[in-house]
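Student: predicted coordinates and the sequence they were generated for:
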Amino acid sequence: MTLASIPTCRIVKPGHSYAGKQGLNYFEGISAESVGATDICLHVLTMPPGIRARAHLHETHETAIYMLSGSAHTWYGDRLEHHVVLHAGEMMYIPAGVPHLPANLSATPATAIIARTDPNEQESVVLLPELDGLVEMVAE
């Protein structure tokens with residue numbers, strides 16, 4: 001075993017961001033790319049006021065969200081027929097394969113910590129453009 005292949009702890013300072021397939025910008029965090037993670041990724045997402053993601057699903061991985069500040073609306077289900085609002089201090093679970101579309105309808109930014117069971121977070125994102133038109137954004 002070489003020194004480079006020995007597992008070790010790593011610190012990641014979110015500073016760089018990347019554009020996700022879903023139409024949102026994520027702060028780089030824990031992933032296969034940043035630290036060599038094999039079963040998890042962890043990112044910070046700040047959604048500006050009035051923004052929404054594209055309808056999508058994560059084909060093979062689960063998602064856990066902790067809302068740090070603000071609130072976010074999420075429509076989910078085969079036809080995005082269900083709706084919830086996640087507020088600061090609350091958590092949300094999204095099973096693998098469930099279509100969803102998050103949005104920030106407020107006048108302030110919404111920031112969340114997002115963990116997924118896929119270390120290559122964008123690998124199993126499937127966009128669902130046929131569902132995008134099903135959600136009408138109405139400001140709070």
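Tutor: Great, that's in hand.
Student: how about the strands in the chain?
Tutor: According to DSSP state E, the chain carries its strands in the segments 17-19, 25-30, 41-47, 56-58, 63-69, 71-76, 82-87, 91-94, 100-103, 110-116, 125-127.
Student: tally of neighbours for residue 91?
Tutor: Residue 91: 11 surrounding residues under other Cβ atoms under 10 Å. Every C-beta, even on glycine, is put in place using the N, C-alpha and C of the backbone.
Student: so who does the residue lying closest to it once chain neighbours are set aside touch?
Tutor: Counting by Cβ to Cβ, 6 or more residues apart in numbering, residue 91 lies nearest to residue 66, which is 5.1 Å off, once chain neighbours are set aside. The neighbours of residue 66, taking Cβ atoms under 8 Å, 6 or more residues apart in numbering as the test, are 90-91, 112-113.
Student: could you give the bridge partners of residue 66?
Tutor: Beta-bridge pairing of residue 66 under DSSP bridges involves residue 91, residue 113.
Student: tell me the pLDDT at it?
Tutor: Note on residue 66: pLDDT of 98.
Student: check which residues of stretch 107-125 are buried.
Tutor: Within stretch 107-125, the residues that qualify as buried are 110-119, 121-122, 124-125, counting by 16 or more other Cβ atoms under 10 Å.
Student: off-centre distance for stretch 85-96?
Tutor: 11 Å (Cα atoms, centre = their mean, to the nearest Å).
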